[in-house]
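K.L.:
Need a 3D model of the following:
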Amino acid sequence: MTRQEGDLYTFRWHGWPDDTMEKGTILQANGVDAFTFTFDGNGNEVT
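P.N.:
Prediction:
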């Protein structure tokens, strides 16, 4: 499965209740060496 710009994701924390999760958006994914996404709902980006 290929991730692409605009895809949404849900991240669940290991060891936390199943309703503890982060939701975000894929901002960049070139399929080779770049992957940027929002994280924590505060506009933070991770590359």
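K.L.:
Regarding the chain, what is its longest strand?
P.N.:
In the chain, taking DSSP state E as the definition, the longest strand is strand 21-29.
K.L.:
Tell me which stretches of the chain form strands.
P.N.:
Along the chain, counting by DSSP E, strands occupy 8-12, 21-29, 35-39, 44-46.
K.L.:
quick one on the thing from earlier: buried stuff in the longest strand of the chain?
P.N.:
Neighbour-count burial for strand 21-29 flags 24, 26-27, 29 (criterion: 16 or more other Cβ atoms under 10 Å). All C-beta atoms are positioned from the backbone trio N, CA, C, and that covers glycine.
K.L.:
okay, the angle between it and strand 8-12?
P.N.:
For strand 21-29 against strand 8-12, the angle by axes from the mean of the first three to the mean of the last three Cα atoms, to 10 degrees is 140 degrees.
K.L.:
by contact count, what packs against strand 21-29?
P.N.:
Applying 3 or more Cβ pairs under 8 Å, 6 or more residues apart in numbering; DSSP states H and E, one finds that strand 21-29 contacts strand 8-12, strand 35-39.
K.L.:
deepest of those strands, which one?
P.N.:
Mean neighbour count (mean count of other Cβ atoms under 10 Å) peaks for strand 35-39 among the helices and strands packed on strand 21-29, with a mean of 16.
K.L.:
still on that earlier bit, switch the helices and strands packed on strand 21-29 over to CSV; also include mean pLDDT and distance to Asp19.
P.N.:
What follows is the helices and strands packed on strand 21-29, written out as CSV (pLDDT from 0 to 100; distance: least, Cβ to Cβ, whole Å):
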stretch, mean pLDDT, distance to Asp19
strand 8-12, 91, 9
strand 35-39, 86, 18
